[in-house]
Each structure stands twice: as structure tokens, then as C-alpha cells.
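S.K.: got a structure for you, letters missing:
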């Protein structure tokens, strides 16, 4: 189930961000993002198999399978981060989140989306290309992984280019 991010999700998202990315957004920045009127974010909730069916929705924050964070203004969006728990990767979570984001964007007349991705993140690059994103630049040595520096590939999606 995908829904909008709430403040109750910030701890779980921050923990997942920290486990996935060296330049993670922390809980305080996630809370601050939520107060920004141009922020939009979504979580993919995974029900715990050991939990009873009567659990309130707010108790699912620790069962986030993935999230998408973005800023959107005047039809243009920037995806800040997409994260999927390691046990849910390559199971379509990122794809579902992007589909949901694009459906939301269509209702907001979204015409352009930009994002950055590490050049060695082959699965993410494939996913973005499947959605019609194209490379338009690079940031040399932008990401650090241990002692290595990795380029950020800057990608964009434009409605006119994606759907000629």
C-alpha cells in the first residue's frame, strides 16, 4: 500500500536512508521537509506477517518497504531520494513508487522531473531509463563510498520527450 509520508514515518525513513546512503537525510531534515509546501513524499507499506490485522495504520511506520521524496513546483519536480529496504529490492517497490509519483504528478500537470543517481547504481539507472529518464550531465566525484569517489549522473524526464 502506497500513501503520503507522515511525520510518524520520519524515524523509519531516516534509518533506512542511513543504511542505504552515505549522504543520508536525517530525521530532523525529513521533518523540516514535511513543512515545505512543495514537498511530496510517499511510502510503500509492507504489513508485518506477525502482526494482527487490526493494527492501526500509524503502527506500520516501522514496516516501510520503500519511500520516495521529491519537491514539486509549477509542474517541475526533483526527486531527492528513493530508498527500498534490502529485503524488498528487485521486487518492484521502486517501480511502484515511481508509478505512484507519476500518477500524482499528472494530477499536478508535471512536465519535467530531474534526479541524480550514482553511476554504479545499475539497477536504479535501468529503472529510470524504463520510465523515460535520459542523462543530461554528470557531477564528477559527487558521491563517496569509502575511499572511492563516484560520479552522479544527472537525469531528466520531460513529458514531451517521454511521450512524443
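M.R.: Thanks, I have it. Just so it is clear, the model here is predicted, and its values are computed rather than measured.

S.K.: and the helices in this protein?
M.R.: Under the criterion DSSP state H, the chain carries helices at the ranges 10-20, 27-34, 93-107, 122-130, 159-162.

S.K.: stretch 106-126: which residues count as buried?
M.R.: 110, 112-118, 124-125 (16 or more other Cβ atoms under 10 Å). Quick note: C-beta positions are derived from backbone N, CA and C, even for glycine.

S.K.: in strands, which of these fall?
M.R.: Under the assignment DSSP state E, the buried residues of stretch 106-126 contribute 112-118 to strands.

S.K.: could you give the number of residues near the nearest residue to residue 30 once chain neighbours are set aside?
M.R.: Leaving aside its chain neighbours, residue 30 sits nearest to residue 10 (4.2 Å; criterion: Cβ to Cβ, 6 or more residues apart in numbering). Using other Cβ atoms under 10 Å, residue 10 has 22 neighbouring residues.

S.K.: quick one: low-confidence ranges for this structure?
M.R.: Low-confidence segments of the chain, defined by pLDDT under 70, are located at 48-62, 161-164.

S.K.: let me know the closest of the ones in strands among the buried residues of stretch 106-126 to residue 157.
M.R.: Taking Cβ to Cβ as the measure, residue 157 lies nearest residue 113 of those, at 4.4 Å.
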